[in-house]
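K.L.:
What shape does this take:
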Amino acid sequence: MLTLSDIINLEAHDQFFSYADAYLSASAVLCRQMKNDSTRYTWPHATVILMLAAHAVELFLKGALLKSTGKLSATHDIQQLAEKYRETFQNLVLTWEIPFANPCSETELIAQMKQQWPDIDEAHIKTFITSTPDPSILYRYPFDKPGKQWPGVYGFTTPTQLLTMLDWLEFDFKRIRLELNKPRS
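P.N.:
Here you go, the predicted model:
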């Protein structure tokens with residue numbers, strides 16, 4: 001029988017890493033099923049795969065930050081977690097292309113948009129940024145409210161392309177965990 005006691009003795013950050021690995025594994029299994037069964041090549045199936053992968057990223061970021069800072073982040077916002085991760089881990093060995101997060105901070109993104117469109121109002125840019133739902137919400141529900149679809153355009157690549165991304169994500173998880181577990185001098 002499997003129980004929570006299987007991981008309860010792990011350090012808190014390792015519990016997060018274990019869950020991240022499990023969500024990532026589940027995403028890959030479903031993606032392989034989609035690849036092999038064209039009847040599963042549907043938006044609902046794709047969103048479940050993406051939601052599991054996004055949750056794996058969230059849990060991994062939380063685990064890495066918890067290991068480094070000793071504090072558990074209460075947010076589920078991958079962009080915020082990614083920005084905190086980049087602030088905390090500036091060593092090139094710990095960098096990675098974090099899926100579901102913009103590589104720019106909100107401040108950098110606003111500056112880039114203002115440079116490209118100088119007449120655009122900063123408040124309008126912030127509204128646009130905050131109106132984009134978090135992946136954990138976007139991929140979990142078909143719409144925001146009845147009659148109110150999610151803002152933006154969303155799509156799914158091929159299962160083969162997504163499996164490549166999931167493989168890289170697994171590689172990065174392992175690589176970063178190894179680096180985080182090295183003794184610090």
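K.L.:
From here on, just use CA atoms for contacts and neighbour counts.
P.N.:
OK.
K.L.:
which residues does Ala26 contact?
P.N.:
Ala26 sits next to 49, 52 when contact means Cα atoms under 8 Å, 6 or more residues apart in numbering.
K.L.:
try Tyr85
P.N.:
Tyr85 touches 61, 64-65, counting by Cα under 8 Å, 6+ apart.
K.L.:
What about the spatially most distant residue from the centre of the chain? Give its phi and psi, please.
P.N.:
Ranked by distance from the centre of the chain (Cα atoms, centre = their mean), the top residue is Asp119, with 32.3 Å. Backbone torsions of Asp119, given as degrees, to the nearest 10, read phi -80, psi -10.
K.L.:
Repeat that for Leu2.
P.N.:
phi -90, psi 130.
K.L.:
Report how many residues lie close to it.
P.N.:
The number of residues packed near Leu2 is 6, by other Cα atoms under 10 Å.
K.L.:
again, but for Thr157
P.N.:
Neighbour count for Thr157, taken as other Cα under 10 Å: 9.
K.L.:
Am I right that it is in a helix?
P.N.:
No - read with DSSP: H, G, I helix; E, B strand; the rest coil, Thr157 is coil and lies in no helix.
K.L.:
and the gap between it and Thr127?
P.N.:
Plainly put, Thr157 is 27 Å away from Thr127 if you go by Cα to Cα, to the nearest Å.
K.L.:
if we can go back for a sec, now the contacts of Tyr85 in a markdown table, with distance to Met51 and pLDDT?
P.N.:
Output for the contacts of Tyr85, formatted as a markdown table (distance: Cα to Cα, whole Å; pLDDT from 0 to 100):
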| residue | distance to Met51 | pLDDT |
| --- | --- | --- |
| Leu61 | 15 | 98 |
| Ala64 | 20 | 97 |
| Leu65 | 21 | 98 |
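K.L.:
If we only consider these, which is nearest to His13?
P.N.:
Distance to His13 across the contacts of Tyr85 (Cα to Cα) is lowest for Ala64, with 6.7 Å.
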